[in-house]
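Asks: Below is the structure, and that's it, no one-letter string:
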């Protein structure tokens, strides 16, 4: 859940909104859809957890939001730029923890093999 909160903070800061509040304005809906897209892309959280993190009713809303962003990415240059920027921020902040963990595991494995044969 920590990564969902981090992604939510990044999107809130980028759009200067709080995506957890109830409302259906165009700006708020767009920010929520972008959050759902990024959360789906960068985490392995179930759809229900993503929905609950922004006070939505069920997983179907997340599926719809991700589809909308995927469609917008095909045609809308503004959305493409926003997603590119947010993707970079999320990768920089969220992803390194997972990468470091795998690097440490790899180093331990190499050290184990090295000790075994030398």
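Replies: Sure, I can see it. Quick caveat: nothing in here was measured; it's all calculated off a predicted structure. Numbering: from 1, shown residues only.

Asks: show me where this structure has strands.
Replies: Secondary structure of the chain (DSSP state E): no strands present.

Asks: Quick one: the helices in it, in order.
Replies: Counting by DSSP state H, the chain has helices at residues 2-15, 26-42, 47-53, 59-75, 77-93, 95-117.

Asks: Okay, now the unreliable bits of this protein?
Replies: 1, 95-118 (pLDDT under 70).

Asks: okay, the helices of the chain, which one's buried deepest?
Replies: Among those, ranked by average contacts under mean count of other C-beta atoms under 10 Å, first place goes to helix 26-42 (a mean of 20). Using the backbone N, CA and C atoms, a C-beta is placed for each residue, glycine as well.

Asks: packing partners for that one?
Replies: helix 2-15, helix 47-53, helix 59-75, helix 77-93 (3 or more C-beta pairs under 8 Å, 6 or more residues apart in numbering; DSSP states H and E).

Asks: Save those as JSON lines, and put in distance to residue 23 too.
Replies: Output for the helices and strands packed on helix 26-42, formatted as JSON lines (distance: least, C-beta to C-beta, whole Å):
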{"stretch": "helix 2-15", "distance to residue 23": "13"}
{"stretch": "helix 47-53", "distance to residue 23": "16"}
{"stretch": "helix 59-75", "distance to residue 23": "14"}
{"stretch": "helix 77-93", "distance to residue 23": "20"}
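
Asks: between the ones you listed, which one is nearest to residue 27?
Replies: For the helices and strands packed on helix 26-42, the distance to residue 27 is smallest for helix 2-15, at 6.8 Å, taking C-beta to C-beta.

Asks: tell me the angle that closest one makes with helix 77-93.
Replies: 140 degrees (axes from the mean of the first three to the mean of the last three C-alpha atoms, to 10 degrees).

Asks: Compute the inter-axis angle for helix 2-15 and helix 26-42.
Replies: Using the same axes, to 10 degrees: helix 2-15 against helix 26-42 is 140 degrees.

Asks: Now for the spatially closest residue to residue 45 that is not a sequence neighbour: which residues touch it?
Replies: Excluding its sequence neighbours, the residue lying closest to residue 45 (C-beta to C-beta, 6 or more residues apart in numbering) is residue 4, at 6.0 Å. By C-beta atoms under 8 Å, 6 or more residues apart in numbering, residue 4 lies in contact with 39, 43, 45, 49, 50, 53.
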